[in-house]
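Asks: With the input below, show me the fold.
(2 chains)
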Amino acid sequence: QQQVKQSPQSLIVQKGGISIINCAYENTAFDYFPWYQQFPGKGPALLIAIRPDVSEKKEGRFTISFNKSAKQFSLHIMDSQPGDSATYFCAAYRGYYNTDKLIFGTGTRLQVFP
Amino acid sequence: EAQVTQNPRYLITVTGKKLTVTCSQNMNHEYMSWYRQDPGLGLRQIYYSMNVEVTDKGDVPEGYKVSRKEKRNFPLILESPSPNQTSLYFCASSFGTANTEAFFGQGTRLTVV
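Replies: Numbers count the residues shown, from 1 in each chain, chains lettered A, B, ... in the order given. All right, here's what the predicted structure looks like:
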């Protein structure tokens, strides 16, 4: 059962363009939404994260937009660069009933061409 | 350097031959977990541990075992590997709970034939 749905599966963007990756969740108990970036042959690394009390968070060229009522959040990469080519995972944190885990989306492979 | 170290990085084994993938972190993190990454399925949690001697099942625990005898180490054990366990495995650690930055190892690519 996929609790965090991510789209698109793959994305091709020209250098300088905007990359947008979308995620939707079902469980309103989620209260922490990170994005992880994974380069080939490496483990995922935290890129940026947001909590549901804010609608947007920006760090450099990376912005998370969060819509609590729609239960959706997205990653925007402005001025996309070839070095941004990687797989991106959205995630949501669930901690209740003494369980504690991150639920990941299925990933988006981003390719930025010069 | 703060890191999560997994070994081996690559492993090819035969069905039924017990194996262990080791994971060690040098950040004094309490929380550790194992994930498997499969195309189209993302990262799915296998097991996690909130502290020494405290472990629990994740979303796909069948066929796996773990132990947490020391804070820094969290090995993943496949008692009788099967081909459907062919996957890319990641160990991760974080302070406190999963609600903080998770640091991932480099991954172990396992092939079971």
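
Asks: Sketch out the low-pLDDT regions of chain B for me.
Replies: For chain B, the stretches with pLDDT under 70 are B:97-99.

Asks: Residues of it that sit close to chain A?
Replies: For chain B, the contact set with chain A under CB under 8 Å from any CB of the partner chain comprises B:4, B:31, B:33, B:35, B:40-45, B:48, B:50, B:56, B:58-59, B:90, B:92, B:97-99, B:101-107. To be clear about C-beta, it is placed using only N, CA and C from the backbone, and glycine gets the same treatment.

Asks: helices and strands around the longest strand anywhere in chain B, which ones?
Replies: In chain B, assigned by DSSP state E, the strand with the most residues is strand B:42-51. With contacts defined as 3 or more CB pairs under 8 Å, 6 or more residues apart in numbering or on different chains; DSSP states H and E, the packing partners of strand B:42-51 are strand A:101-104, strand B:31-38, strand B:54-57, strand B:65-66.

Asks: Go again with 7 Å.
Replies: On a contact count with 3 or more CB pairs under 7 Å, 6 or more residues apart in numbering or on different chains; DSSP states H and E, strand B:42-51 meets strand A:101-104, strand B:31-38, strand B:54-57.

Asks: What is the end-to-end distance of stretch B:32-45?
Replies: 11 Å (CA to CA, to the nearest Å).

Asks: What residues of it count as buried?
Replies: Across stretch B:32-45, burial judged by 16 or more other CB atoms under 10 Å in any protein chain shown covers B:32, B:33, B:34, B:35, B:36, B:37, B:42, B:43, B:44, B:45.

Asks: Now the two most distant members of these.
Replies: B:32 and B:42 (19.4 Å; CB to CB).

Asks: What residues does the residue nearest in space to the middle of chain A make contact with?
Replies: Among the residues of chain A, the one closest to the centroid is residue A:90, at 3.3 Å (CA atoms, centre = their mean). Neighbour list for residue A:90: A:4, A:6, A:23, A:33, A:35, A:73, A:75, A:105 [criterion: CB atoms under 7 Å, 6 or more residues apart in numbering or on different chains].

Asks: Okay, and the beta partners of it?
Replies: Applying DSSP bridges to residue A:90 gives these bridge partners: residue A:35.

Asks: Let me know the distance separating it from residue A:20.
Replies: 12 Å (CB to CB, to the nearest Å).

Asks: what's the answer for residue A:81, then?
Replies: Distance from residue A:81 to residue A:20, by CB to CB: 15 Å.

Asks: Residue of chain B nearest chain A, please.
Replies: Closest residue of chain B to chain A, CB to the nearest CB: residue B:104 (3.1 Å).

Asks: nearest spatial neighbour of the residue minimising distance to the centre of chain B, skipping sequence neighbours?
Replies: Most central in chain B under CA atoms, centre = their mean is residue B:34, positioned 3.0 Å from the mean C-alpha point. Take residue B:34 and drop its neighbours on the chain: the residue closest to it by CB to CB, 6 or more residues apart in numbering or on different chains is residue B:46, 4.3 Å away.

Asks: Just send the helices and strands packed on strand B:42-51 back as JSON lines, with distance to residue B:111 too.
Replies: Formatted as JSON lines, these follow (distance: least, CB to CB, whole Å):
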{"stretch": "strand A:101-104", "distance to residue B:111": "23"}
{"stretch": "strand B:31-38", "distance to residue B:111": "13"}
{"stretch": "strand B:54-57", "distance to residue B:111": "24"}
